[in-house]
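K.L.:
Sharing a model that was predicted from the sequence below.
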Number of protein chains: 2
Amino acid sequence: MTTPTQLNQGIGAYHRLKADIIHNAFSPGEKLQMSRLKAYYGLGVGPLREALSRLVAERLVVAESQRGFRIAPMSLDELHDIYEARAEIEGLMLRLAIERGDDAWEAEILARAHTLGKVMEVKTPEELLDIWDSRHQAFHTAIVAGCRSSHLMQIRADLFDRVERYRNLWLRETVLSEAALEQKRQEHARLVDVILARDTRAATQMMIDHLMTPVPIITEVMRRHQRG
Amino acid sequence: MTTPTQLNQGIGAYHRLKADIIHNAFSPGEKLQMSRLKAYYGLGVGPLREALSRLVAERLVVAESQRGFRIAPMSLDELHDIYEARAEIEGLMLRLAIERGDDAWEAEILARAHTLGKVMEVKTPEELLDIWDSRHQAFHTAIVAGCRSSHLMQIRADLFDRVERYRNLWLRETVLSEAALEQKRQEHARLVDVILARDTRAATQMMIDHLMTPVPIITEVMRRHQRG
DNA sequence: TTTTTAGTAAAAATCTAAAATATTGTCAGC
DNA sequence: GCTGACAATATTTTAGATTTTTACTAAAAA
C-alpha cells in the first residue's frame, strides 16, 4: 500500500525551487542551467520545466525563449515598488476588514497579538527569529482576513512571496535585539488599538507606515551588497 | 536563415490555451485530457504541461496530482469576489494616480476618451464590440497608469484575465445598443471630469461603481445558464 | 437481494532518456 | 578587425517506458 495521494515531482520541484529562490540560494539574474538543476535536485527536465514555468507566472523566474530560464533580477526600483504595492493593498484590505469584521475577527487579532507578544521564552536567537516571524505573519494575516475576500488574500500572499526575497536579504544579517522587539510590540499594540476602535483612517495610515519601515534598511543592505 | 528569436511551443501553447479558456471554449471544471489536448493543439505533452503549469499559477487551471488538470471552476461567489477585488484595486490605483499624475497623464486620458467616444464609425456589430472593447480597455488603463506602479499594473492585468472569463459570458449574448453606448459615454465623461478635477473621493467611488455595474447582469446570465 | 470488497484490465498521467533544434564560442580566411 | 563556417554546448521536443488511477467484474458479506 502506498500513500493515498502522493505529490508528483513537478509540484515537489516547484516548492523546493521556490523556497530556494526566496531564501536567496541563487543570485538575481543567475542563469538556471538545466544540467545543473537536474543534478542538484535529482530530477528530469520535464518536472523541472513545469516548476520553472509556474515560477515564471509568479515572476520569480524569467524565461527567455530558446535560451532557458533565469532567476528574476532584483533592483532598488523593484524593492520600492513591490513594498509600496504590498503596503497599499494591505491598507485597502484593512479598511475593508474594519468595515466588515465581526467579534470573531476581533478576538482572533487579540489572540495573535498575545501570542506574538510572548515570544521571548524561546531559546536560541535563530529559533527566536523563526518563531517571531511566523507569529508576526499570523498576526498580520488575522487582521486583513477580516476583509473576507479570498482573491485579495491570494494577491497578498503572492506579493508576500515576491517581497520575501528582499526581506530575507535583511533578515539574514539582523539579530533581533530586546529593544527592537519591544519597539515592535508597542507598534503592534497601537495598531490593535486603532483597529479595534474602528478608526479606519488612522489604522490604514499606521499600517502602511508599519509595513514600509523595512524599506530604508533593506535599501541600505542592497547598496552595501552592490559595492562590496 | 530562420527567424531571429522564435517562440518555443510551451509559450505558444500557453497563449492559445489561455485565450481559449478566457473565451469559454472549455466548460468550468472540465477535465483536460492530455490525449485530447495533444490532438487538438498538435503538440506533445511536454509543452502542454508547461503551459498548464503556468495557468495553474494564474489560477485559470487547477492541477490534481496524478490526476491531471482541470479548468478552474466558476461560481457566483467567485464572480462577486473577483469583481470586487478588481474594483477596489482599481480604485486604489486611481487614488494614487490622482496624487501622482502629471500633464502627460491627463493628456493621455483625454486622448483615449476621445478615441473611445468615436467608435461608431465602424461596420458590423461584432467588429464594433471588439473595437469598443479594446478602446475601453485602453481608456481605463490610461487612467490607472498614473499610479506609476508596475506591480499594481501587473496585479490588475492578472485580475483582468480572471475576470474576463465571466465577462465574456455576458458579452457573448449582448449587442451594444446605441442607447447603451451613449450611457457609457456619459459615464466616462463624468469620470474624466472628476479625475481631472482631482476629486479623489468622488472619482474612486464613481470608478468602483462603474466597474461593478456588470455584476448583476452577469449574475443573471449565470443563473440562467445553471437552470437551462 | 443489496452492498461491499477484491481483483483485473484498460486508460491516463507522469517520467526518463535520447533525438532534434537553437544558440554560443572559436578560428581560419579575408 | 570583421565575417562566416564549424564545433561545442544548451535548450527544447518527442516517443516510449513506468506508474498511478479508474472502470469493470465477480465473489463475499450483510
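P.N.:
Looks like it arrived, so ask away. As the structure is a prediction and not an experimental result, all values here were calculated from the model. Residues are numbered from 1 along each chain as shown, chains lettered A, B, ... in the order given.
K.L.:
which stretches of chain A form strands?
P.N.:
Secondary structure of chain A by DSSP state E: the strands cover A:31-32, A:61-64, A:68-71.
K.L.:
and these, which is most packed in?
P.N.:
Scoring the strands of chain A by mean neighbour count under mean count of other Cβ atoms under 10 Å in any protein chain shown gives strand A:68-71 as the most buried, with a mean of 19. C-beta coordinates here come from the backbone N, C-alpha and C atoms, glycine included.
K.L.:
So what are the sheet partners of that one and their directions?
P.N.:
In its sheet, strand A:68-71 lies beside strand A:31-32 (antiparallel), strand A:61-64 (antiparallel), with partners assigned from DSSP bridges.
K.L.:
so how far is it off the chain centroid?
P.N.:
A distance of 22 Å separates the C-alpha centroid of strand A:68-71 from that of its chain, computed with Cα atoms, centre = their mean, to the nearest Å.
K.L.:
now chain A, which segments are flagged as low pLDDT?
P.N.:
Scanning chain A with the threshold set as pLDDT under 70 gives A:1-5, A:121-122, A:175, A:228.
K.L.:
Quick check: residues of it near DNA strand D?
P.N.:
Residues of chain A lying close to DNA strand D (Cβ under 7 Å from any atom of the strand) are A:2, A:4-6, A:31-35, A:45-46, A:49, A:63-69.
K.L.:
Using CSV, list the CA coordinates for stretch A:36-45.
P.N.:
Coordinates of each C-alpha in stretch A:36-45 appear next as CSV, following Å, rounded to 0.1, in the frame of the first residue of the first chain:
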residue,chain,number,x,y,z
ARG,A,36,22.9,21.8,-13.1
LEU,A,37,19.3,21.8,-11.9
LYS,A,38,18.9,18.1,-12.9
ALA,A,39,22.0,17.2,-10.9
TYR,A,40,21.2,19.3,-7.9
TYR,A,41,17.5,18.3,-7.5
GLY,A,42,17.9,14.8,-8.9
LEU,A,43,15.0,15.3,-11.4
GLY,A,44,14.5,15.1,-15.1
VAL,A,45,13.9,18.1,-17.3
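K.L.:
Contacts for that stretch, please.
P.N.:
A:Gln9, A:Ala13, A:Arg16, A:Leu17, A:Met34, A:Leu48 (Cβ atoms under 8 Å, 6 or more residues apart in numbering or on different chains).
K.L.:
Over to stretch A:179-189?
P.N.:
When contacts are defined by Cβ under 8 Å, 6+ apart, stretch A:179-189 is touched by residues A:Ala113, A:Leu116, A:Gly117, A:Val119, A:Met120, A:Trp132, A:His136, A:Phe139, A:His210.
K.L.:
now, the most widely separated pair of the residues you listed?
P.N.:
Farthest-apart pair in the contacts of stretch A:179-189 is A:Met120 and A:His210; separation 20.8 Å (Cβ to Cβ).
K.L.:
that older thread, with B:Arg148 as the reference, name the closest of the strands of chain A.
P.N.:
The closest approach between B:Arg148 and any of the strands of chain A, judged by Cβ to Cβ, belongs to strand A:61-64 at 22.1 Å.
K.L.:
Show which residues not belonging to the closest one make contact with it.
P.N.:
By Cβ under 8 Å, 6+ apart, the list of residues contacting strand A:61-64 from outside reads A:17, A:21, A:32, A:52-53, A:55-56, A:69-73, B:11.
K.L.:
Kindly recompute the last result at 7 Å.
P.N.:
Contacts made with strand A:61-64 from outside it, assessed by Cβ atoms under 7 Å, 6 or more residues apart in numbering or on different chains, are listed as A:Leu52, A:Leu55, A:Val56, A:Phe69, A:Arg70, A:Ile71, A:Ala72.
K.L.:
you'd agree the fourth one is up against A:Met34?
P.N.:
Yep, that's A:Phe69 we're talking about. No - the pair A:Phe69 and A:Met34 fails to qualify as a contact (Cβ atoms under 7 Å) at a distance of 8.4 Å.
K.L.:
Contact residues of chain A facing chain B?
P.N.:
Near chain B, the residues belonging to chain A are A:5-8, A:10-11, A:46, A:49-50, A:53-54, A:56-58, A:65-66, A:81-82, A:84-85, A:88, A:92, A:149-152, A:155 when assessed by Cβ under 7 Å from any Cβ of the partner chain.
K.L.:
Keep only those of those that are in helices.
P.N.:
Among these, the members found in helices (DSSP state H) are A:10-11, A:46, A:49-50, A:53-54, A:56-57, A:81-82, A:84-85, A:88, A:92, A:150-152, A:155.
K.L.:
Selecting buried members of the residues you listed in PyMOL, what would you type?
P.N.:
This is the PyMOL syntax for the buried subset of those, where burial follows 16 or more other Cβ atoms under 10 Å in any protein chain shown:
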select buried, chain A and resi 10+11+49+50+53+54+56+57+81+82+84+85+88+92+151+152+155
